[in-house]
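Engineer: sequence and predicted model, in that order:
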Amino acid sequence: MSEDKDIDEIRREKAAKLLAAFDSEDPEQAEAIREAMPWSIAVHKDRPTDFEVRLEGKVIALTQSEEWAQLVVELMNRLLLAEQAGVGWP
């Protein structure tokens, strides 16, 4: 039982560190974390003016606003980490 708590605590700590690293002064570190997250943005292959919002590689939404796509992806990844860190939704 205590081993399970230790693993859960380690996961919470790791998620909290990743969440804090989103705002890192080091742009390479922040970009590496963004690339490892499940939510991402891609340019539509047939329509270069459209952006895909993806979850684990599957298209969830299309938009012509890159800013909107970035906002959604950033929000969803932060919420996921906050939840894993125990500071977000239960």
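Structural biologist: That came through, no problem. Residues are numbered from 1 along each chain as shown.
Engineer: please count neighbours and contacts with C-alpha atoms only from this point.
Structural biologist: Fine.
Engineer: how far does stretch 61-75 sit from the chain's center?
Structural biologist: 13 Å (CA atoms, centre = their mean, to the nearest Å).
Engineer: tell me which element the residue nearest the centre of the chain is part of?
Structural biologist: Computing the C-alpha centroid of the chain and ranking residues by CA atoms, centre = their mean puts N77 first, at 2.5 Å. For N77, the host element (DSSP states H and E) is helix 66-85.
Engineer: so what does the helix or strand that contains S40 touch, helix or strand wise?
Structural biologist: Element membership of S40 [criterion: DSSP H and E] is strand 39-43. Applying 3 or more CA pairs under 8 Å, 6 or more residues apart in numbering; DSSP states H and E, we find strand 39-43 packed against strand 51-55, helix 66-85.
Engineer: of those, which shows the lowest average pLDDT?
Structural biologist: Sorting these by mean pLDDT places helix 66-85 lowest, at a mean of 91.
Engineer: buried ones in it?
Structural biologist: Within helix 66-85, the residues that count as buried by 16 or more other CA atoms under 10 Å are 66, 69-70, 72-74, 76-85.
Engineer: state the pair within those residues that is farthest apart.
Structural biologist: Largest separation among the buried residues of helix 66-85 by CA to CA: E66 and A85, giving 28.3 Å.
Engineer: quick one: the helix or strand where E35 lies to helix 66-85, angle?
Structural biologist: Using DSSP H and E, E35 sits within helix 27-36. Interaxial angle, helix 27-36 versus helix 66-85 (axes from the mean of the first three to the mean of the last three CA atoms, to 10 degrees): 80 degrees.
Engineer: what residues does helix 27-36 touch?
Structural biologist: 18, 21-24, 40 (CA atoms under 8 Å, 6 or more residues apart in numbering).
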